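J.: Everything below, folded, please.
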Amino acid sequence: MADFVAAIDHGTTSTRCMVFGHDGREVGRAQTEHRQIMPAPGRVEHDAAEIWANTQQVVSDALRTCGLGADDLAAVGLANQRETTVVWDARTGEPLSNAIVWQDTRTDHIAAALDRDGRGDVIRHRAGLPPATYFAGGKLQWLLEHVEGLREAAEAGRALAGTTDSWLLWNLTGGPDGGRHVTDVTNASRTMLMDLETLDWDDELLGFFDVPRAVLPRIRPSSSADAYGATRADGPFGGEVVIGGVLGDQQAAMVGQVCLAAGEAKNTYGTGNFLLLNTGEELTRSRNGLLTTVCYQFGDAKPVYALEGSIAVTGSAVQWLRDQLGVIRGAEDSEVLARQVTDAAGCYFVPAFSGLFAPYWRSDARGAIVGLSRFHTSAHIARATLEAICYQSCDVVAAMEKDSGVHLEVLKVDGGVTANDLCMQIQADTLGVDVSRPVVAETTALGAAYAAGLAVGFWASPDELRENWHEDRRWSPTIDDEQRRAGHVGWRKAVERTLDWVDV
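T.: Numbering: from 1, shown residues only. Predicted coordinates for the structure are as follows:
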């Protein structure tokens, strides 16, 4: 009897497989990191073959840990890092280049050119996105221009392209032997190539980037029993299991947090921070630096949209302390070190390593630590790093309130950084509202599982999902408004110091 749903959660730094029961509780998991390839300043790449190998490994390990097989699974869901772009040979399945990661800034000249000649306004209206290095369309244009023979192969149907969901789905369903080349509406909405109203690739937008339609996957709903096929019997699941749900990771977290009604919001703290507000079935176009994106589409129902504030570097700033500076040995040490001081003593860290995303959209910005004196120690730097995670989220919340008129009473949070209790307390203090963490903090995988389970009737309706949500911990503000305002003033001054650093 199929009593469980599995989810593959492929993120920026690692891939995991998690198995959930009907109550939404985790039964087991396996996880492994993949390499971050940085061949030059501003360039971030992944090895797509390594990602597929890791996916197979974590699926096998998770099922073995749980003592389960394909017959025990009602469905499989997939969540993925969005915008990261892969190209591969349709005949052999070999990647034709390293994947270009969403953090990569090599396409800044493409984005700048789009804005200079007015095409950027068309993209903003039709795709809901500003021209930026973040999104997949410019990355695919760059690959088509720089990978030898790719354009000819793409136009002839010998090469395929997509975000990482398409790469994994194609391999899970057979690869060169009948694999399905598909994506879902949430991932497609992160390309600058899809019309938000028609939910299809737009010919004019394709023309802006000189992308042939033939290279792109078909766009399907986020939750569907027949859109994605099933895993191959000779694949990592060891049998055929329906792939019922596919969502970009941040939209998956919305579903996992059961933010399924207009006005509900969550903030995911991972490599970056991603705050989404459900705006219902109506498109809400931002005037304050946010993104309009597809939140999800279940089956034949109308799509549900969201406003999103995307922040490039938050949790990865902690990784930078660990890997580049050697200040800490593990991410958990950032809290221990930061607790050695009561504040950052006027030090601010703006980790604009990939420019500034929402609500600024400044690709000319670069990271800066300001306000330093001989007094400051590594503990102050660690504290400033945690504060940077929170101040960037405050900037997004302010923009979201202006766009939507919705004032947050509580912020639902999830993701790996939420294990840092000090960081969550700083978030409550800087934001001035309660912060709530659920029992299942890894809501990205849970959301993918929910989408897959809904597609096959494992969960009868979203109401069942709401019954599964339980709060684990809540943080309330502990500082007054005057202290909060003073902190924000310093933060804004620090942000100003990062601008106009790179000529684009």
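
J.: hey, where'd the strands end up in the stretch 151-300 of the chain?
T.: Using DSSP state E, counting those that start in this stretch, the strands of the stretch 151-300 of the chain run over residues 159-163, 182-184, 194-195, 200-201, 218-220, 243-248, 265-269, 273-280, 291-296.

J.: Need the residues that contact the last one.
T.: In this case it means strand 291-296. Strand 291-296 is contacted by residues 128-130, 185-186, 188-190, 196, 199, 222-223, 247, 251, 254-255, 276, 278-279, 283-286, 303-310, 358, 451 when judged by Cβ atoms under 8 Å, 6 or more residues apart in numbering. Bear in mind the C-beta positions are built from the backbone N, C-alpha and C, glycine included.

J.: re earlier: any idea which of the strands of the stretch 151-300 of the chain is most buried?
T.: Of the strands of the stretch 151-300 of the chain, the one with the most neighbours on average (mean count of other Cβ atoms under 10 Å) is strand 243-248, at a mean of 32.

J.: Just the angle for that one relative to strand 159-163, thanks.
T.: Here the directions of strand 243-248 and strand 159-163 differ by 70 degrees (axes from the mean of the first three to the mean of the last three Cα atoms, to 10 degrees).

J.: Check which helices and strands strand 243-248 sits against.
T.: strand 73-80, helix 164-172, strand 182-184, helix 185-188, helix 443-456 (3 or more Cβ pairs under 8 Å, 6 or more residues apart in numbering; DSSP states H and E).

J.: try 6 Å this time
T.: With contacts defined as 3 or more Cβ pairs under 6 Å, 6 or more residues apart in numbering; DSSP states H and E, strand 243-248 has these neighbours: strand 73-80, helix 185-188, helix 443-456.

J.: Just send those back as TSV, with mean neighbour count, mean pLDDT and distance to residue 347 too.
T.: Compiled in TSV, those are given as follows (neighbours: other Cβ atoms under 10 Å; pLDDT from 0 to 100; distance: least, Cβ to Cβ, whole Å):
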stretch	mean neighbour count	mean pLDDT	distance to residue 347
strand 73-80	28	97	36
helix 185-188	30	97	38
helix 443-456	30	95	32
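
J.: now for these, which one comes closest to residue 15?
T.: strand 73-80 (9.2 Å; Cβ to Cβ).

J.: List the contacts of the residue in the chain sticking out farthest from the centre.
T.: Computed with Cα atoms, centre = their mean, the residue of the chain farthest from its C-alpha average is residue 374, at 37.9 Å. Residues in contact with residue 374 (Cβ atoms under 6 Å, 6 or more residues apart in numbering): none are found.

J.: So it lies in a helix, does it not?
T.: No. According to DSSP: H, G, I helix; E, B strand; the rest coil, the state of residue 374 is coil, so it is not within a helix.

J.: Please shift the residue numbers so they start at 516 in all later answers.
T.: Got it, first residue is 516 now, which makes that one residue 889.

J.: Give me the pLDDT value at residue 984.
T.: In this prediction, residue 984 carries a pLDDT score of 88.

J.: meant to ask about residue 516, not that
T.: Looking at residue 516, its pLDDT is 63.

J.: before we move on, what about residue 919?
T.: pLDDT at residue 919 comes out at 87.

J.: got it, and residue 850?
T.: Value for residue 850, per-residue pLDDT: 94.

J.: Can you tell me the element it falls in?
T.: Using DSSP states H and E, residue 850 maps to helix 848-853.

J.: That helix: how far from the chain's middle?
T.: Distance, stretch centre to chain centre, for helix 848-853: 25 Å (Cα atoms, centre = their mean, to the nearest Å).

J.: where along the stretch 616-765 of the chain do the helices fall?
T.: For the stretch 616-765 of the chain, the helices defined by DSSP state H, counting those that start in this stretch occupy 623-631, 634-642, 651-661, 665-670, 679-687, 700-703, 718-724, 764-771.

J.: Name the stretch among the ones you listed that sits most buried.
T.: Most buried of the helices of the stretch 616-765 of the chain, by mean neighbour count (mean count of other Cβ under 10 Å): helix 764-771, with a mean of 31.

J.: That one packs against which elements?
T.: strand 780-784, strand 788-795, strand 806-811, helix 958-971.

J.: For residue 661, give me the pLDDT.
T.: If you check residue 661, the pLDDT there is 95.

J.: do you know how far it is from residue 558?
T.: To residue 558, residue 661 is 12 Å away according to Cβ to Cβ, to the nearest Å.

J.: With adjacent residues omitted, what lies nearest to residue 652?
T.: Spatial nearest neighbour of residue 652, chain neighbours left out: residue 707 (3.7 Å); criterion: Cβ to Cβ, 6 or more residues apart in numbering.

J.: Kindly report the same for residue 580.
T.: residue 543 (4.4 Å).

J.: Now for the one you found, how many residues are close by?
T.: Around residue 543 there are 18 other residues, counting by other Cβ atoms under 10 Å.

J.: where does it fall, phi/psi-wise?
T.: phi -180, psi 170 (degrees, to the nearest 10).

J.: show me what contacts it?
T.: 534, 577, 580-581.

J.: For it, name its beta-bridge partners.
T.: residue 534 (DSSP bridges).

J.: That one and residue 952: what is the separation?
T.: Going from residue 543 to residue 952 by Cβ to Cβ gives 22 Å.

J.: would you put the C-alpha positions of stretch 986-1006 in PDB?
T.: Extracted in PDB, the C-alpha atoms of stretch 986-1006 (Å, rounded to 0.1, in the frame of the first residue of the first chain):
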ATOM      1  CA  GLU A 986       4.100  26.000  14.900                       C
ATOM      2  CA  ASP A 987       7.400  25.000  16.400                       C
ATOM      3  CA  ARG A 988       8.600  28.400  17.800                       C
ATOM      4  CA  ARG A 989       7.700  32.100  17.700                       C
ATOM      5  CA  TRP A 990      10.000  35.100  18.300                       C
ATOM      6  CA  SER A 991       8.600  38.500  19.300                       C
ATOM      7  CA  PRO A 992      10.300  41.900  19.000                       C
ATOM      8  CA  THR A 993      12.400  42.900  22.000                       C
ATOM      9  CA  ILE A 994      13.600  46.400  21.000                       C
ATOM     10  CA  ASP A 995      11.700  49.700  20.700                       C
ATOM     11  CA  ASP A 996      10.800  51.700  17.600                       C
ATOM     12  CA  GLU A 997      13.600  54.200  18.200                       C
ATOM     13  CA  GLN A 998      16.300  51.500  18.200                       C
ATOM     14  CA  ARG A 999      14.700  49.800  15.200                       C
ATOM     15  CA  ARG A1000      14.700  53.100  13.200                       C
ATOM     16  CA  ALA A1001      18.300  53.900  14.100                       C
ATOM     17  CA  GLY A1002      19.400  50.400  12.800                       C
ATOM     18  CA  HIS A1003      17.600  50.900   9.500                       C
ATOM     19  CA  VAL A1004      19.100  54.300   9.000                       C
ATOM     20  CA  GLY A1005      22.600  52.800   9.300                       C
ATOM     21  CA  TRP A1006      21.700  49.900   7.000                       C
END
